[in-house]
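*Asks:* quick one: sequence plus predicted model below, questions after.
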Amino acid sequence: MYERISSKLQTAFDPVFLDVVDDSEAHRGHGGYREGGNTHFNVTIKASSFNGLSRVAQQRLINKELAQEFEDGLHALALVVQTTDG
């Protein structure tokens, strides 16, 4: 799942910075957790694709790009989205 998320975000947004962290173990015993992880991720991304967009619009673009991953078991995605326009 890590590779899929990283690859899709890299291809879709050509970020100047991308950090994807599987944080699933910190959610053991919580809703959506599965043994083996791949359910909860933290993503920090900085790209010009997000310039001029509201935070909601930025997150919608990312969630749309990862729709298949959500269908395949991704439960939670914590996002830090940054623009390149300052």
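*Replies:* Looks like it arrived, so ask away. Everything numeric here is computed off the predicted structure, so don't read it as measured data.
*Asks:* which element is the residue nearest to I62 when sequence neighbours are not counted on?
*Replies:* Spatial nearest neighbour of I62, excluding adjacent residues (Cβ to Cβ, 6 or more residues apart in numbering): L79 at 6.2 Å. Where C-beta positions appear, they are placed from N, C-alpha and C, glycine not excepted. Assigned by DSSP states H and E, L79 belongs to strand 76-82.
*Asks:* so which strand or helix has the residue most central in space within the chain?
*Replies:* Centroid-nearest residue in the chain: V43, 4.6 Å away (criterion: Cα atoms, centre = their mean). Applying DSSP H and E as the criterion places V43 in strand 40-46.
*Asks:* and the helix or strand just after that strand, which residues are buried?
*Replies:* Per DSSP H and E, the first helix or strand lying C-terminal to strand 40-46 is helix 55-65. Residues of helix 55-65 classed as buried by neighbour count (16 or more other Cβ atoms under 10 Å): 58, 61-62.
*Asks:* pLDDT of helix 55-65, averaged?
*Replies:* Helix 55-65 carries an average pLDDT of 97.
*Asks:* hey, C-alpha coordinates of that helix in PDB?
*Replies:* What follows is helix 55-65, C-alpha atoms only, in PDB (Å, rounded to 0.1, in the frame of the first residue of the first chain):
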ATOM      1  CA  ARG A  55      -7.600  23.000   1.900                       C
ATOM      2  CA  VAL A  56     -10.800  21.000   1.200                       C
ATOM      3  CA  ALA A  57     -10.200  21.100  -2.600                       C
ATOM      4  CA  GLN A  58      -6.600  19.900  -2.000                       C
ATOM      5  CA  GLN A  59      -7.700  17.000   0.100                       C
ATOM      6  CA  ARG A  60     -10.500  16.100  -2.300                       C
ATOM      7  CA  LEU A  61      -7.900  15.800  -5.200                       C
ATOM      8  CA  ILE A  62      -5.800  13.500  -3.100                       C
ATOM      9  CA  ASN A  63      -8.700  11.400  -1.900                       C
ATOM     10  CA  LYS A  64      -9.900  11.100  -5.500                       C
ATOM     11  CA  GLU A  65      -6.500  10.000  -6.600                       C
END
